[in-house]
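*Asks:* Everything below, folded, please.
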Amino acid sequence: MENPKIQKFPDYRIASIDICEIGKQKHYVTALIELDVTESKQKIENYHNSRGTKISINAWLISVIACTINKHQTASAFLLGKNKLMIFEKINVSIIVEKDIKGIKVPIPLIIEGANEVSLEGISAQLMEAKNTAFSENDIVLHQKAKQLEKLYFILPGFLRRYFWKFLLKNPPLAYKKMGNVAFTSIGMMGKVNGWFIPISIHPICLGIGSIMKKPSVIDDKIAIREILHVSVLMDHDVIDGAPMARFISHLKDNIENGLNL
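*Replies:* The predicted structure follows:
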C-alpha cells in the first residue's frame, strides 16, 4: 500500500478557512461582467511610451476601481448596527501579494490606503515594493508584524477564531483599519482562464479579476476581435440596493473600457 505524503498546513490557511466560513454568511449579490479593454491596454502602452514609467494592469485597475467607488460610496460602506451605514472617505484596497518564503508561495495582505487619492505611479510602486521586499515567515499578520496575541489566534479553537472575525465586522473602524473597505483579487492574471472565478470575501465589496481573452465582439455592427477582461463583483446587499449596484457597475464598466486615469 502506498504511503501518502503528509504536508504541514501553513498557519495562514487557517485564517483563510475562517474568512471563507464567515464570508459564506454574508448577503452578497454577484455580478459576472465582461469588459472590453482593447483600447485601455493601448492607452497603458502609450502611457509607458510617453512618460517612461511602466505601470501594471493591476495598478491601473485598482486606481479605476477606487475612483469609481469614490463616486458610489455606499458600495464600500460597512453595516453599523441594524440600520446604519458607516462610510469612509478614503478607499482602502486590500490586495494579496504572493511571496516566496523558504520555497513556499505565501499570500501576504497589502492595503493600498486612499487608493482614490494615490497616483497610478504611486499604486504601482507600492505593489512593486510589496512584491520585492523580503519577508520572514514570522512577518505580517493582517498587514502588521506578528505579535504574541496574533500568534495565539492560530492555536485557538475554530469557534473562537471565527468570533474574532465577527467581532471585527461589527466594529467598522477597526475592520477598516485592519483590512480596508475594498477587496481586490486577481487570480485570473496568473493563468489564461476563459471565464470567471467567484472569490469569497468579508469586505463590503470584492472584485475578482479574471483573465484577458481575445473574443469576437460586435463593434459598429461589425464583428471584431477584442481583448475582453472577465471580472466578478461581489457587493453586500445589506449596505446597497440593486439599483445603486447596477449604476455602480455600469459606471465601472465605462471607466475601465474608456481608460480612466490614463
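*Asks:* Quick one: mean pLDDT for stretch 116-128?
*Replies:* Mean per-residue pLDDT for stretch 116-128: 93.
*Asks:* So what touches that stretch?
*Replies:* Outside stretch 116-128, the residues within contact range by CB atoms under 8 Å, 6 or more residues apart in numbering are 47, 53-56, 58-60, 62-63, 66-67, 69-70, 90-91, 95, 97, 110, 112, 115, 261-262. Every residue, glycine included, has its C-beta placed from N, CA and C.
*Asks:* Just the buried residues from those, in ChimeraX please.
*Replies:* To isolate the buried members of the contacts of stretch 116-128 in ChimeraX, using 16 or more other CB atoms under 10 Å:
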select :47,55,56,58,59,60,62,63,66,67,69,70,90,91,95,97,110,112,115,262
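*Asks:* out of the contacts of stretch 116-128, which are inside strands?
*Replies:* 95, 97, 110, 112 (DSSP state E).
*Asks:* Can I get those in CSV including distance to Asp236 and pLDDT?
*Replies:* Output for the ones in strands among the contacts of stretch 116-128, formatted as CSV (distance: CB to CB, whole Å; pLDDT from 0 to 100):
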residue, distance to Asp236, pLDDT
Ile95, 19, 93
Val97, 25, 82
Leu110, 22, 90
Ile112, 20, 95
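*Asks:* which one among these gets closest to Phe164?
*Replies:* Leu110 (20.8 Å; CB to CB).
*Asks:* Can you name the residues bridging to that closest one?
*Replies:* Ile95 (DSSP bridges).
*Asks:* which residues touch it?
*Replies:* 94-97, 126-127, 130, 143.
*Asks:* run the last query once more with 10 Å
*Replies:* 93-97, 126-127, 129-131, 140, 143, 180, 184 (CB atoms under 10 Å, 6 or more residues apart in numbering).
*Asks:* Are any of those buried, and if so which?
*Replies:* Using 16+ other CB under 10 Å, the buried ones in the contacts of Leu110 are 93-97, 126-127, 130, 140, 180, 184.
*Asks:* can you give me the strands for the stretch 151-262 of the chain?
*Replies:* Along the stretch 151-262 of the chain, the segments classed as strands by DSSP state E, counting those that start in this stretch run 182-185, 205-219, 222-236.
*Asks:* so which of these gets nearest Val29?
*Replies:* Using CB to CB, the nearest of the strands of the stretch 151-262 of the chain to Val29 is strand 222-236, at 5.4 Å.
*Asks:* Give me the average confidence score over that closest one.
*Replies:* Rounded mean pLDDT across strand 222-236 is 95.
*Asks:* Off-centre distance for it?
*Replies:* 17 Å (CA atoms, centre = their mean, to the nearest Å).
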